[in-house]
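Peer 1: Coordinates for the following, if possible.
(4 chains)
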There are 2 protein chains.
Amino acid sequence: MAIQRRPLREQIREELLLRLDRGDFAAGKDINEVVLAAELGVSRTPLREALITLAGEGVLESNQGRGFRFAPVSSKEFRELCEIVAGLESLALELSDPDELREMAPELLRLARSFPDPVAEQSEIEWHDDEWHDLLLGKCPNERLLDLVTSVKAGMRRYTHLIAGEDTLLEREAEEHCRIAEHLRAGDVAAATAALRDNWVSGMERMTSRIPVTPESA
Amino acid sequence: MAIQRRPLREQIREELLLRLDRGDFAAGKDINEVVLAAELGVSRTPLREALITLAGEGVLESNQGRGFRFAPVSSKEFRELCEIVAGLESLALELSDPDELREMAPELLRLARSFPDPVAEQSEIEWHDDEWHDLLLGKCPNERLLDLVTSVKAGMRRYTHLIAGEDTLLEREAEEHCRIAEHLRAGDVAAATAALRDNWVSGMERMTSRIPVTPESA
DNA sequence: TTCATGTATTCTGTATTCATAATTCAAGGT
DNA sequence: ACCTTGAATTATGAATACAGAATACATGAA
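Peer 2: Numbers count the residues shown, from 1 in each chain, chains lettered A, B, ... in the order given. From the prediction side, this is the model:
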């Protein structure tokens, strides 16, 4: 196997996103660069590079002289992110080759049905959901679009840990995935796209109630 | 007036984008950090921070150990970017309040008609075009979406200087803007959205022919 | 007691330094 | 002549050092 050398900033970014999924960080909390760098065992330089990247993705905010902080969660922002991802994923689907989508439909259906499997780990479930969407969009030829979706979804990671251990939500998610896959199997991309939008809208509504109310929530 | 203090990295980012518009940088060219930092009169640290930000926006690419380079232009990428921006701007329009759009229509129409004004500076014209689109989308309540549009458009700046001094292209642009504005004045958001998409598609086609062919072009 | 002002401390933003990977070029071998 | 190998150079990636802004705290006046 070829030894992989990747910049520290990327590894740090992923580690921070992982911790975000685990809910390690309090939203709205200021980051102390010296402390966090020591905790990660790196210097401030690559840490700051990672922080800047994450700020660009909307995961963090930065204020002159005040450094970085985890952007506070708000139902307004979550709604905005859902609208964006819904639009982007729909677009990706429309740009995909309908024939390839139809070919992939059985696999998508299989995956969607194996959703509530045994009582899996939370992280496992989230990964599963991500994988399904990745597979769905994988045939889209617009690479920049796929990168953009990934980036925007990074900004949603601050919200994922809020649905930890909610079986009913996941069952509905699985249901909706099945519906999308069935539309694709029937070759009806337009209907699948509409279902995909519904998926995000309903996901948004399901989530909204469990976002803690903060001063900046709308 | 309040004195504004902004991080160097942001100022550097904007300066680099400005130079990109002017076509100062050869696409695909490696960046020498020491030289560029000296040229800008700053140290490598904030320069690298700006470079990392731009890499996140797709303006640059980075390779381990090889530093940063301006991402080579390709008609494939330009097409992808146009598809994305068309989708995002359409979405923004759909999310806007139709009444506010109708109110704004006269102003948009006025701006669109004043397009080919006298023989203005190239930079002036580009700024004018941007301003029109910004005004069009300004009423969209989804702030994250607007930020995203701005960010993606930054990635398109590598292409703008290619249309320098093409009057006919700009006239067609103005025409299309008028059409969009008239749909809005009539209260037909759906038609305006469609026209907006067409605007990007035709802009894409107009541009494609003048993108130099490189090995990675499709 | 409360508010304002000056001072100390903390932490960020930027510069500089150091280590090592990548590149270049020349010498030697096939 | 061409390819390989290795030293020298160059530039990046990362760590450290430094200056100054923001914050916290304490002291003193109203």
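Peer 1: center of chain A, which residue is that?
Peer 2: residue A:153 (3.4 Å; C-alpha atoms, centre = their mean).
Peer 1: ok, and it, which helix or strand is that part of?
Peer 2: helix A:143-160 (DSSP states H and E).
Peer 1: pLDDT on that helix, on average?
Peer 2: For helix A:143-160, the mean per-residue pLDDT is 95.
Peer 1: From the contact counts, what lies against it?
Peer 2: Packed against helix A:143-160 by the contact rule (3 or more C-beta pairs under 8 Å, 6 or more residues apart in numbering or on different chains; DSSP states H and E) you find helix A:8-21, helix A:75-95, helix A:122-137, helix B:75-95, helix B:143-160. Yep, even glycine has a C-beta here, placed from its N, CA and C like the rest.
Peer 1: let's go with 10 Å and repeat that
Peer 2: Under the contact definition 3 or more C-beta pairs under 10 Å, 6 or more residues apart in numbering or on different chains; DSSP states H and E, helix A:143-160 sits against helix A:8-21, helix A:44-56, helix A:75-95, helix A:122-137, helix A:189-208, helix B:75-95, helix B:143-160.
Peer 1: For residue A:4, which residues are in contact?
Peer 2: residue B:64 (C-beta atoms under 10 Å, 6 or more residues apart in numbering or on different chains).
Peer 1: where does it land in three-state SS?
Peer 2: coil (DSSP: H, G, I helix; E, B strand; the rest coil).
Peer 1: So for it, what pLDDT did the model give?
Peer 2: 75.
Peer 1: Please tell me how far it sits from DNA strand C.
Peer 2: 11 Å (C-beta to the nearest atom of the strand, to the nearest Å).
Peer 1: Buried ones in the helix holding residue A:153, by neighbour count?
Peer 2: Buried positions in helix A:143-160, judged by neighbour count with 16 or more other C-beta atoms under 10 Å in any protein chain shown: A:144-146, A:148-149, A:151-160.
Peer 1: Put the alpha carbons of the helix or strand just after it into PDB.
Peer 2: Where DSSP H and E defines the elements, the next helix or strand beyond helix A:143-160 is helix A:167-185. Taking Å, rounded to 0.1, in the frame of the first residue of the first chain, the C-alpha atoms of helix A:167-185 are listed here in PDB:
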ATOM      1  CA  ASP A 167     -35.900   5.500  15.900                       C
ATOM      2  CA  THR A 168     -39.100   6.900  14.500                       C
ATOM      3  CA  LEU A 169     -37.300   9.600  12.600                       C
ATOM      4  CA  LEU A 170     -35.000   7.100  11.000                       C
ATOM      5  CA  GLU A 171     -37.800   4.900  10.000                       C
ATOM      6  CA  ARG A 172     -39.500   7.700   8.100                       C
ATOM      7  CA  GLU A 173     -36.200   8.500   6.500                       C
ATOM      8  CA  ALA A 174     -35.900   4.900   5.300                       C
ATOM      9  CA  GLU A 175     -39.500   5.000   4.000                       C
ATOM     10  CA  GLU A 176     -38.800   8.100   2.000                       C
ATOM     11  CA  HIS A 177     -35.600   6.700   0.600                       C
ATOM     12  CA  CYS A 178     -37.600   3.700  -0.600                       C
ATOM     13  CA  ARG A 179     -40.100   5.900  -2.400                       C
ATOM     14  CA  ILE A 180     -37.300   7.800  -4.200                       C
ATOM     15  CA  ALA A 181     -35.700   4.600  -5.300                       C
ATOM     16  CA  GLU A 182     -38.900   3.300  -6.600                       C
ATOM     17  CA  HIS A 183     -39.500   6.300  -8.700                       C
ATOM     18  CA  LEU A 184     -36.100   5.900 -10.200                       C
ATOM     19  CA  ARG A 185     -36.700   2.300 -10.900                       C
END
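Peer 1: so how far is helix A:167-185 off the chain centroid?
Peer 2: The chain centre lies 17 Å from the centre of helix A:167-185; the measure is C-alpha atoms, centre = their mean, to the nearest Å.
Peer 1: How about it, which residues are buried there?
Peer 2: A:170, A:173-174, A:176-185.
Peer 1: In JSON lines: the residues you listed, plus distance to residue A:114 and pLDDT.
Peer 2: Below are the buried residues of helix A:167-185 laid out as JSON lines (distance: C-beta to C-beta, whole Å; pLDDT from 0 to 100):
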{"residue": "A:170", "distance to residue A:114": "12", "pLDDT": "80"}
{"residue": "A:173", "distance to residue A:114": "13", "pLDDT": "86"}
{"residue": "A:174", "distance to residue A:114": "9", "pLDDT": "88"}
{"residue": "A:176", "distance to residue A:114": "15", "pLDDT": "92"}
{"residue": "A:177", "distance to residue A:114": "11", "pLDDT": "94"}
{"residue": "A:178", "distance to residue A:114": "11", "pLDDT": "94"}
{"residue": "A:179", "distance to residue A:114": "16", "pLDDT": "95"}
{"residue": "A:180", "distance to residue A:114": "15", "pLDDT": "96"}
{"residue": "A:181", "distance to residue A:114": "12", "pLDDT": "96"}
{"residue": "A:182", "distance to residue A:114": "16", "pLDDT": "95"}
{"residue": "A:183", "distance to residue A:114": "19", "pLDDT": "97"}
{"residue": "A:184", "distance to residue A:114": "17", "pLDDT": "95"}
{"residue": "A:185", "distance to residue A:114": "17", "pLDDT": "94"}
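Peer 1: Please list which of those residues also come close to DNA strand C.
Peer 2: Residues of the buried residues of helix A:167-185 in contact with DNA strand C (C-beta under 7 Å from any atom of the strand): none.
Peer 1: Among those, which pair sits farthest apart?
Peer 2: Farthest pair in the buried residues of helix A:167-185 (C-beta to C-beta) is A:170 and A:185. Separation: 22.4 Å.
Peer 1: Let me see the contact set for residue A:54.
Peer 2: A:12-13, A:16-17, A:20, A:31, A:60-62, A:68, A:70-71, A:154-155, A:157, B:56.
Peer 1: Would you point out the helix or strand in chain A whose mean pLDDT is lowest?
Peer 2: Lowest on mean pLDDT, DSSP states H and E among the helices and strands of chain A sits helix A:122-137, with a mean of 82.
Peer 1: Need the per-residue pLDDT for the residue in chain A that DNA strand C sits nearest to.
Peer 2: Using C-beta to the nearest atom of the strand, the single residue of chain A nearest to DNA strand C is residue A:67, 2.7 Å away. Per-residue pLDDT puts residue A:67 at 96.
Peer 1: For residue A:191, give me its contacts.
Peer 2: A:179-180, A:182-184.
Peer 1: out of the residues you listed, which one sits closest to residue A:87?
Peer 2: residue A:180 (15.8 Å).
Peer 1: correct me, but the closest one touches residue A:136?
Peer 2: Yes: at 7.4 Å, residue A:180 and residue A:136 qualify as touching, with contact defined as C-beta atoms under 10 Å.
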